[in-house]
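Student: have a look at this prediction, sequence included:
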Amino acid sequence: MYSSVDTIWVLLGTALVFFMKAGFAMVETGFTRAKNAGNIVMKNLMDFCLGTPIFWLIGFGIMFGAGNGFWGWLDPLVRADYSFLGLSFPLPVYLVFQTVFCATAATIVSGAMAERTRFSAYCIYSMVISAVIYPISGHWIRGGGWLSQLGFHDFAGSTAVHMVGGVAALTGAKILRPRLGKYDKQGNPRAILGHSLTLGGLVAITAGCDLVSPSAPWAVHGMCGAAGTLLIGLLALDGGLLYGGMHFFLVQLLGVASVILWGAVTMTAVFALIKKAIGLWVSEAEEIAGLDIIEHGLVSSYADFAPAGAVPGILGAGSSLEAVSPQAAVPVVALEEPKAAQRQVAGKPDVYTKLVVIFKQSRFEKFKAAMEEIGITGMTLTQVLGCGMQKGANEFYRGIPVEMGLLPKVQVEIVVCKVPVQTVIDAARHAPYTGHIGDGKIFVYNVENVIKIRTGQQGYDALQDENE
């Protein structure tokens, strides 16, 4: 007779662990660049889509079958008798519960190898982890294998799940080349900023413990998993090292060392075979373009979405976004105001003026309000990256200098015909002003003609509202 309380409890745990997948997806996506966001999400999705049938066909039997102490049996679709497990809830419930843990171990690898791994290669090694690597070490620990028989105790998957994933991640990161631009010529690390602190921060709600960059799964999962396992051997009231016992701690230490060795050797072989067969990483040109467009044909994961400006919290000294007085501003040389006259023909200009204004994203709302105030409502906005002669202001990310040759800016284009050009220039100078390097520039051009596509109107009439 099964216990309904136990069944509900295990299903609740299953749902919570499965929801960690959302956390992994968010932390990895948020702390990598936008050009790879779709690729990261797809990899986390495929961990479960591919890992589940593989685990049901091969992995579960290997992990929980009554085998020889090192592996269980081959039991496609889990049709054998597992009554020896002594479950107080139905076997399908236990199957799904173990499946989400398998998917968790597989997805830990994703962050360490993000932004430069072939999608096909990722799918292959994710399936291998789900089919063989995780189940075999899992059999040692959870399936009645040799470590279990020695008295090894795994707390909340510290070794069976997290350390296996962390070792696989570290092995993959060592085999892969670093992301382009991660290190300078002297070998010093450079900060590569993620594109969404919002996604990364949401992990506090979903995956709790993963509030770090996805480039450190070994530290978060591998080392913490090992520490959690060894601390049991230290602190256990019954046989712990601090309470007079030695054997239990040595068993815990043996288990940690064995699983690290198993994961490192098998994953090295898997990555080497994939590298030789189909290639493990993308080319430098493909990495620069981004895996979304290269691997998935996805131009952008954020269609019709304008990214936010720079985050003030990581800006260096002297780079506040708040405006300062002209007296406290960066010293500048005052030049003669640009001459922006319009030739008049029968009361209408026959040459129009185009202003291209490039400035900080954070000042756009103030700029837009200033344009509306003087009667300018037509403008074209483009999100751009760029810098002037100063090559961008000094910034720091987690204590590492950010060598940003290109900074996020907005480029606004306005064609002026009715409002005096000098009025527009004055407003365009005032709105983005902060007094710091990087405030932007205004470019003034002559426009020979304007044609409205819908009506065919030209010149002055093409720039007017038909209701005026």
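Tutor: In hand now; what should we look at? Numbering: from 1, shown residues only.
Student: residue contacts, the closest residue to Phe89 other than its chain neighbours?
Tutor: Leaving aside its sequence neighbours, Phe89 sits nearest to Thr7 (C-beta to C-beta, 6 or more residues apart in numbering; 4.1 Å). In short, each C-beta sits where N, CA and C put it, glycine included. By C-beta atoms under 8 Å, 6 or more residues apart in numbering, the contact list for Thr7 reads Phe89, Pro90, Val93.
Student: give me the subset of these that lies in helices.
Tutor: Val93 (DSSP state H).
Student: output the contacts of Thr7 as JSON lines; include the columns distance to Gln361 and neighbour count.
Tutor: Shown next, in JSON lines, are the contacts of Thr7 (distance: C-beta to C-beta, whole Å; neighbours: other C-beta atoms under 10 Å):
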{"residue": "Phe89", "distance to Gln361": "54", "neighbour count": "18"}
{"residue": "Pro90", "distance to Gln361": "55", "neighbour count": "13"}
{"residue": "Val93", "distance to Gln361": "50", "neighbour count": "18"}
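Student: enumerate every residue touching Gly200.
Tutor: By C-beta under 8 Å, 6+ apart, the contact set of Gly200 is Met26, Val27, Gly30, Phe31, Gly194, Leu211.
Student: mind checking the end-to-end distance for stretch 174-191?
Tutor: End-to-end span of stretch 174-191 (C-alpha to C-alpha, to the nearest Å): 19 Å.
Student: let's have the chain start at 12 instead
Tutor: From this message on, residue numbering opens at 12, which makes the last subject stretch 185-202.
Student: mind listing what's buried in that stretch?
Tutor: Ile186, Leu187, Arg190, Arg201, Ala202 (16 or more other C-beta atoms under 10 Å).
Student: and the gap between the second one and Glu297?
Tutor: What it means is Leu187. As judged by C-beta to C-beta, to the nearest Å, Leu187 and Glu297 stand 14 Å apart.
Student: would the residue nearest to Phe100 count as being in a helix?
Tutor: Yes - according to DSSP: H, G, I helix; E, B strand; the rest coil, the state of Thr18 is that of a helix.
Student: buried set for stretch 236-256?
Tutor: 236-237, 239-244, 247, 250-252, 256.
Student: now the strands for the stretch 312-461 of the chain?
Tutor: Per DSSP state E, counting those that start in this stretch, the stretch 312-461 of the chain carries strands over the ranges 355-356, 359-360, 363-371, 391-397, 406-408, 411-413, 418-427, 451-458.
Student: redo those as a markdown table? Include distance to Leu56.
Tutor: Shown next, in a markdown table, are these (distance: least, C-beta to C-beta, whole Å):
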| stretch | distance to Leu56 |
| --- | --- |
| strand 355-356 | 62 |
| strand 359-360 | 56 |
| strand 363-371 | 36 |
| strand 391-397 | 28 |
| strand 406-408 | 28 |
| strand 411-413 | 31 |
| strand 418-427 | 29 |
| strand 451-458 | 41 |
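Student: tell me which of these lies nearest to Gly266.
Tutor: Smallest distance to Gly266 across these (C-beta to C-beta): 35.8 Å, for strand 411-413.
Student: tell me the mean pLDDT for stretch 68-77?
Tutor: Mean pLDDT, stretch 68-77: 96.
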